[in-house]
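Participant: give me the fold of what follows.
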Amino acid sequence: MTKYLILLIIAVQVVVSVFPKELPDYIQVCKRDQSTINACVRKSIETLKPKLAEGMPEFGVPPTEPFYIPELVVDSGNLIQFQAVGKDVKVSGAGNFTIKNVAVDLESLRISARVRFPRLHFVGRYSLDARLLVLPLHGAGTIVADAVRCDTEIVLHSTLEQREGVEYIQFTKLDVHLNVKDYSVRLEGLFDGNKALGDAANEAINQSREEILRATKPYAERTVSKLFLDTANKIASSFPFDQLIPK
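Facilitator: Coordinates of the predicted model:
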């Protein structure tokens, strides 16, 4: 979930910050100049932070404050037995991000970035079937979680495709690495609502959060990468490349 928010923000900024005309006044135009585009895009991102928080329906971009994740499925047996589904997750704090670095390679159409979220708060519904050490975990209910200092590095690969003699940019692949300094989670509804067992299970979950993060990370990355690519291509496909990044 965290990665999806970060990646969506970067895609929106890189795409909309370089539109050449018919732009709302809150979008800064960047020229196709390798010597200036990195600084220009980064400045545009900072300028757009308030608008991103409230949403940009003209580009099909939902609000980031709060942000909603419809569903996230995790099924891992590599490190620990862990099968979980999160639904209707509300994420707060996404609007308070910091851009650490942005690099746009106009020759290869590759975009790389580093972004930090100081704190993210999650509330949603879950269902869980897992085993942590010797403790079986089963249940469904409400999940509440907080993540601190979420740092993400991404590399977005692109190409140009021809449509009726006109070139359009197509996002083809996304590489992502997530580092979360710390997080805490509370699951309500474990063991059919038994408070004593639920409290013990939540303590075990938080004590094993590094193992849980390693086990679930690949599945979360694949899910959010697909969502991100679909969103980014929906935005970019409406505009010819020469219109998106003017010479």
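
Participant: now for Lys226, how many residues are close by?
Facilitator: 12 (other C-beta atoms under 10 Å). (C-beta placed from N, C-alpha, C; glycine too.)

Participant: so it, which state does it fall into?
Facilitator: helix (DSSP: H, G, I helix; E, B strand; the rest coil).

Participant: just list the residues touching Gly189, thanks.
Facilitator: 139-142, 198 (C-beta atoms under 8 Å, 6 or more residues apart in numbering).

Participant: now, of those, which are buried?
Facilitator: 139-140, 198 (16 or more other C-beta atoms under 10 Å).

Participant: quick one: the strands in this protein, in order.
Facilitator: 67-76, 81-92, 98-105, 110-132, 135-163, 166-190 (DSSP state E).

Participant: the second one: partners in the sheet, and parallel or antiparallel?
Facilitator: Sheet pairing here is set by DSSP bridges, and for strand 81-92 it gives strand 67-76 (antiparallel), strand 110-132 (antiparallel).

Participant: what's the answer for the shortest one, then?
Facilitator: Strand partners for strand 98-105, identified by DSSP bridges, are recorded as strand 110-132 (antiparallel).

Participant: and the partner strand, average pLDDT?
Facilitator: Strand 110-132 carries an average pLDDT of 85.

Participant: closest one of the contacts of Gly189 to Arg114?
Facilitator: Thr142 (32.7 Å; C-beta to C-beta).

Participant: the closest one contacts Phe122, doesn't it?
Facilitator: No: assessed by C-beta atoms under 8 Å, Thr142 is found out of contact with Phe122, at 10.7 Å.

Participant: local confidence estimate at the residue nearest to Gln28 when sequence neighbours are not counted?
Facilitator: For Gln28, ignoring the flanking residues on the chain, the nearest one in space by C-beta to C-beta, 6 or more residues apart in numbering is Ser44 at 4.2 Å. Ser44 carries a pLDDT value of 78.

Participant: isn't Ser44 right next to Thr36, touching?
Facilitator: No: with contacts counted by C-beta under 8 Å, Ser44 stays clear of Thr36, the gap being 11.8 Å.

Participant: ranking the strands of the chain by mean pLDDT, which is last?
Facilitator: strand 67-76 (a mean of 74).

Participant: how about the CA coordinates for that one, as CSV?
Facilitator: C-alpha atoms of strand 67-76 as CSV (Å, rounded to 0.1, in the frame of the first residue of the first chain):
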residue,chain,number,x,y,z
PHE,A,67,-6.1,7.5,0.0
TYR,A,68,-8.0,4.3,-0.5
ILE,A,69,-6.7,0.8,-1.4
PRO,A,70,-9.6,-1.5,-2.6
GLU,A,71,-7.8,-4.8,-2.0
LEU,A,72,-4.3,-6.2,-1.3
VAL,A,73,-3.8,-10.0,-1.3
VAL,A,74,-0.7,-11.7,0.3
ASP,A,75,-0.1,-15.4,0.1
SER,A,76,3.4,-16.4,1.3
